[in-house]
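Trainee: model this:
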Amino acid sequence: MKKRALTLFLALAMIVSLAACGGGGSGPAGSYKMTKMNAGGIEMNIDDIAAMAGVDVSVTLELKEDGNFSLDMSALGTGESVSGTWTADGNNLTLTSEGSDVSATLNGKTLVMEQDGQSLTFEKQ
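Mentor: From the prediction side, this is the model:
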């Protein structure tokens, strides 16, 4: 149980530190909801994370047409929001916030953000 709690904490810390999602063009633009994460080789869907934490967990990424983004997170009774810019080169996206870049790949309606061997998967709404 401690390992799962640590994994949840690390995943939420990664989400907050990402502070980045952005781009241009209307292709990727839209609203995405996080559906699963992989951290330390452990993959969990959002429902498992919520059940383990005992609270609703919600992570929404909004890629705006103007190349800006917002990432809104709520879990464990607190909320956090970050914003930045995004660019797209084909199916590859670069999300930039506060001087940090995060790479993402778009495959159909699925967007996967990866950093330091961890990934967050979002589905377009």
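Trainee: in stretch 45-53, what's buried?
Mentor: Neighbour counts over stretch 45-53 (16 or more other Cβ atoms under 10 Å) mark 46, 48, 49, 50, 53 as buried. For glycine as for every other residue, the C-beta is placed from the backbone atoms N, C-alpha and C.
Trainee: just for this structure, where's the confidence low?
Mentor: 1-26, 76-77 (pLDDT under 70).
Trainee: What residues sit buried inside the biggest strand by length in the chain?
Mentor: The strand that spans the most residues within the chain, counting by DSSP state E, is strand 78-89. By 16+ other Cβ under 10 Å, the buried positions in strand 78-89 come out as 82, 83, 84, 85, 86, 87, 88.
Trainee: now swap in stretch 35-48 and tell me
Mentor: So, applying 16+ other Cβ under 10 Å, buried residues of stretch 35-48: 36, 37, 38, 39, 42, 44, 46, 48.
Trainee: quick one: which of those is nearest residue 109?
Mentor: residue 36 (14.1 Å; Cβ to Cβ).
Trainee: Helix, strand, or coil at the closest one?
Mentor: Following DSSP: H, G, I helix; E, B strand; the rest coil, we place residue 36 in the strand state.
Trainee: how much space is there between it and residue 49?
Mentor: Relative to residue 49, residue 36 is positioned 9 Å away (Cβ to Cβ, to the nearest Å).
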